[in-house]
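**Q** Give me the fold of what follows.
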Amino acid sequence: MDPTDLGSGAARATSDGASLPEPQSDPPFVLIEPLRRTAPLIFASPHSGRRYPAELLADARVSLISLRRSEDAYVDELFAGAAAHGAAVLSANIARAYVDLNRDPAELDPEMFEERLPHSPHANSARVQAGLGAIPRISGDGQTIYRRKLSLDEAERRINAVHRPYHALLQNLVAEIKEQFGCAVLIDCHSMPNNARGAHAPDVVLGDRFGASCHPSVTALAEATLRRLGYRVARNTPFAGGHTTQTYGRPAAHVHALQIEINRGLYVDERTLERTNGYTRVRADMTRLAEALSAAALHRSLA
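**A** The predicted model follows:
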């Protein structure tokens, strides 16, 4: 697949599953709209894409399963039920290993490219140094992805085809919802590996950048709901929020962004990436979380 053929629009669907016609086919992300927006909520899943362009597979020195360990496996499915409660749901189709939508597009690793990169303070970020920039250098299990250095043109094509259109759509959604309700609440949905969190790993980590990206009432409601459903919940440690929460979370401007990380061990076999028996429960509970946030009439207290 040529990345220039990915299209610049999202597929749109309604919450009853009916597809709406789009001018571009095979889009890099999909937007599920509720039949009627009744809550100022957007659930976004930037790392759950499972499409691997042919050019990535041809240049990779690692197996497909190694690449897939970078995914937030099935997180798009876990939160899809939010549309039935009046929320918009935006999910990536293209794999994170191809381009990471939860990074600043300037977070590029100088060691990955043939040419010298333009100067940018983002090139020295901790995420780039860890091999997890906008074009990742390593896979989810820590292996180097590429057998060769890439050109800057390749990186720019990926960013132009996937990253910029995704964030253009997300910015528009935020603006539309804020105009309708007086506020917008963006829930950025992720998963975290179980084996990296230790013996007493939380089930869910909520990240609001230590209160900077989200009104405390939203974080508190999410935490209380998850605890009532039986989950062990932590805040901001070890994940306080990434590019999305940092970019969109502006509580003073009535735009709130909260990151949620779900322990993959609850619902997926991390070796095979197959869904386990816990998947059904987690999916139902994330729908209950969306229902609780929707029912709270957030626009009345946050606008």
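
**Q** what about the stretch 51-200 of the chain, any weak spots by pLDDT?
**A** Along the stretch 51-200 of the chain, the parts satisfying pLDDT under 70 run over 195-199.

**Q** which stretches of it form helices?
**A** 54-59, 64-68, 75-79, 126-129, 152-158, 164-181 (DSSP state H, counting those that start in this stretch).

**Q** which helices and strands sit right next to the last one?
**A** Using 3 or more Cβ pairs under 8 Å, 6 or more residues apart in numbering; DSSP states H and E as the contact criterion, the neighbours of helix 164-181 among helices and strands are strand 29-33, strand 41-45, strand 88-92, strand 184-192, helix 243-248. C-betas here are computed from N, CA, C, even on glycine.

**Q** Output the fourth one as PDB, restricted to C-alpha atoms.
**A** Going back to what we said before, that points to strand 184-192. Output in PDB follows, covering the C-alpha atoms of strand 184-192 (Å, rounded to 0.1, in the frame of the first residue of the first chain):
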ATOM      1  CA  ALA A 184     -15.500  19.600  25.200                       C
ATOM      2  CA  VAL A 185     -14.100  16.600  27.100                       C
ATOM      3  CA  LEU A 186     -11.600  14.400  25.200                       C
ATOM      4  CA  ILE A 187     -10.900  11.000  26.600                       C
ATOM      5  CA  ASP A 188      -7.600   9.700  25.100                       C
ATOM      6  CA  CYS A 189      -7.800   5.900  25.200                       C
ATOM      7  CA  HIS A 190      -4.700   3.600  25.600                       C
ATOM      8  CA  SER A 191      -3.500   0.300  27.000                       C
ATOM      9  CA  MET A 192      -0.400  -0.500  28.900                       C
END
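
**Q** what distance separates the start and the end of stretch 105-119?
**A** 13 Å (Cα to Cα, to the nearest Å).

**Q** before we move on, what about stretch 64-82?
**A** Start-to-end, stretch 64-82 (Cα to Cα) is 30 Å.

**Q** For it, list every residue counted as buried.
**A** 66-82 (16 or more other Cβ atoms under 10 Å).
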